[in-house]
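Novice: need a 3D model of the following:
(one chain, ligands or ions: 1)
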Amino acid sequence: MDYTDEISKRRTFAIISHPDAGKTTLTEKFLLFGGAIQVAGAVKSNKIRKSTASDFMDIERQRGISVATSVMGFDYNGLKINLLDTPGHKDFSEDTYRTLTAVDSVILVVDCVKGVEEQTEKLMQVCRMRSTPVIIFVNKLDREGKNPFELLHELEAKLNIRVQPLSWPISMGTSFKGVYNLYNHSLYLFRPGGVTVADDVLAINGVTDPVLEQQLGDYAVQLREDVDLVEGTHNPFDVNEYLRGELAPVFFGSAINNFGVKELLDTFTAIAPVPGGRPTDVRLVKPGEKDFTGFVFKIHANLDPRHRDRIAFIRVCSGKFERNKMFHHVRMGKNIRFTSPASFLGARKSIVDEAFPGDVIGLYDTGNFKIGDTLTEGEKLMFQGIPTFSPEVFKELVNVDPGKSKQLAKGIEQLTDEGVAQLFTQQQGNRRIVGTVGQLQFDVLQYRLEHEYGAKCRFESMAIYKACWITGDKTEMEKFCRFKSERIATDKDGNIVFLAESEWVLRNMIEAYPDVKFHFTSEFKREMQQVK
Ligand code: G4P
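Specialist: I've put the predicted structure just below:
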């Protein structure tokens, strides 16, 4: 097959949601449609349920399962779909944010009872930052949820994006009748627990068709009113607005009942973007370029603690990845050959000989890779847009076994390379401060340091509100660092970081030092370039 055909066949995306909205259920239904799994329940346990600090077994299980389901490839409608898994637990949200750098579009699942939740908003912010095209699936229509107009309004207001329903629910909860497809004007009738059968999909002559009365009884009147209102307030759907990330089409359904899922998948395959170009520090890399490029967006430790090797997940951005070919590791300035790159199909893993833009491959790594690393055929460029976010919880790392300080140093170095947490070092007092997005990460770190590196540690709480990277005028920076010396640290790359004690102090410092720039993601170098 022609190289460009390979690219145009790929659709790489992620399903994201606030925990419990139905991401796992929807993923599973997609995989069933794609033939990647045969029975329901195969990906069901892919999340940490109600986690507590002592849920180590769950953490371990999560690590195991998420390697297997990191990328789920399946074929559908003649396309090769790569579905990238994102962890459900909020303490792993940074993992999710990074996975979003490796996809071309997302499907966002919203629970119709709960509406837009905290994680939904945060995830959507990341999508908007990157103008990622988003399709919204409003799930659990078999429950009494919010009024659909109210939901649309809430989606627009809280997610800060224009939305356009492409299907419309006919009642909900116990009286849920089905959906009317506003795009192709057909009626999908709901049968709880079942797969939609041919009789359940009626091609009708728009909402005026008298067949509505036969099928829906009194609900036909309400549907007509609703559709009039929806069509009166929206222009015909413009796929380009969706592709630019300005407009999110909305579907309604019930994942557990397999209702509206096929319709969603069919629309997704019809409109979702093909692998796109990606910015680097020197130029935009287009997928059709001959030379291979790719970047690491996720690193996963080996499940077997006796083996220290890890799997680095690479998104192919251009050219063709080939097994046993020498590629250039740009940050380290050395060439590496990969003898057993892995691809994933459902939960099965197999060695791949080649991979194309849009694909994700797992490379066995013995410590060469960090998140954001770039591989090329020799060109010196680094992919951008794989930011490290400002952490939210901070603790000081204290060694409790002085005989194992080397192991602790190595362990924390490697685990932070993996992106489990961020490490800041303070010259004053030589303190090591670990920042994460959630409490659970500290439990993971402590457990893994002990079991994989034989190092024992303790974490002590610190009153830090936010860590932000600072840049700016040299004299002003020096002045600021002197004034706030007990709050200054460096990250692993030697960048200067301000550990603000409170929101109030941070705001005051921003005002008091206008020539110092405060950055909330590690992408500040690019921000600086954009400002210039
Ligand atoms: P997540 O990955 O987004 O966290 O959500 P997940 O799919 O695990 O779904 C969360 C819960 O919502 C599950 O119930 C699931 O069965 C249920 N669910 C998913 N889709 C629908 C739907 O369309 N309608 C209804 N009524 N429920 C739905 P659970 O009780 O937490 O788990 P389980 O015991 O069913 O496995």
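
Novice: list the contacts of the residue in the stretch 51-200 of the chain that the ligand sits nearest to.
Specialist: Among all residues of the stretch 51-200 of the chain, residue 140 sits closest to the ligand, at 3.8 Å; criterion: Cβ to the nearest ligand atom. In this view, the C-beta of every residue, glycine as well, is placed from N, C-alpha and C. By Cβ atoms under 8 Å, 6 or more residues apart in numbering, residue 140 lies in contact with 21-22, 111-113, 254-256.

Novice: residue 120 in helix, strand or coil?
Specialist: Assigned with DSSP: H, G, I helix; E, B strand; the rest coil, residue 120 falls in the helix class.

Novice: if I look at it, how far off is residue 477?
Specialist: With distances taken as Cβ to Cβ, to the nearest Å, residue 120 is found 38 Å from residue 477.

Novice: so how far is the ligand from residue 430?
Specialist: Remark: distance between residue 430 and the ligand (Cβ to the nearest ligand atom, to the nearest Å) = 42 Å.

Novice: okay, now that residue: neighbour count?
Specialist: For residue 430, the count of nearby residues is 7 (other Cβ atoms under 10 Å).

Novice: and the pLDDT for it?
Specialist: Each residue has a pLDDT score; the one for residue 430 is 79.

Novice: ok, it to residue 483 distance?
Specialist: As defined by Cβ to Cβ, residue 430 lies at a distance of 21 Å from residue 483.

Novice: repeat that for residue 407.
Specialist: Noted for residue 407: a distance of 37 Å to residue 483, by Cβ to Cβ.

Novice: who's more crowded, these two?
Specialist: Taking other Cβ under 10 Å, residue 407 and residue 483 do not tie; residue 407 has more neighbours (18 against 13).

Novice: work out for me the element the more buried one sits within.
Specialist: In the assignment (DSSP states H and E), residue 407 maps to helix 405-417.

Novice: then that helix to CSV, C-alphas only?
Specialist: Extracted in CSV, the C-alpha atoms of helix 405-417 (Å, rounded to 0.1, in the frame of the first residue of the first chain):
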residue,chain,number,x,y,z
SER,A,405,21.0,7.0,49.7
LYS,A,406,22.4,6.0,46.3
GLN,A,407,19.5,3.7,45.5
LEU,A,408,17.1,6.4,46.6
ALA,A,409,18.8,9.0,44.4
LYS,A,410,18.7,6.7,41.4
GLY,A,411,15.1,5.6,42.0
ILE,A,412,13.7,9.1,42.3
GLU,A,413,15.7,10.2,39.2
GLN,A,414,14.3,7.3,37.1
LEU,A,415,10.7,7.5,38.4
THR,A,416,10.6,11.3,37.8
ASP,A,417,11.9,10.6,34.2
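
Novice: pull out the buried positions in the helix or strand just after it.
Specialist: Helices and strands here follow DSSP H and E; after helix 405-417, the next one along the chain is strand 422-426. Buried positions in strand 422-426, judged by neighbour count with 16 or more other Cβ atoms under 10 Å: 422-424, 426.

Novice: now stretch 435-453
Specialist: 435-438, 440-446, 448-450, 452-453.
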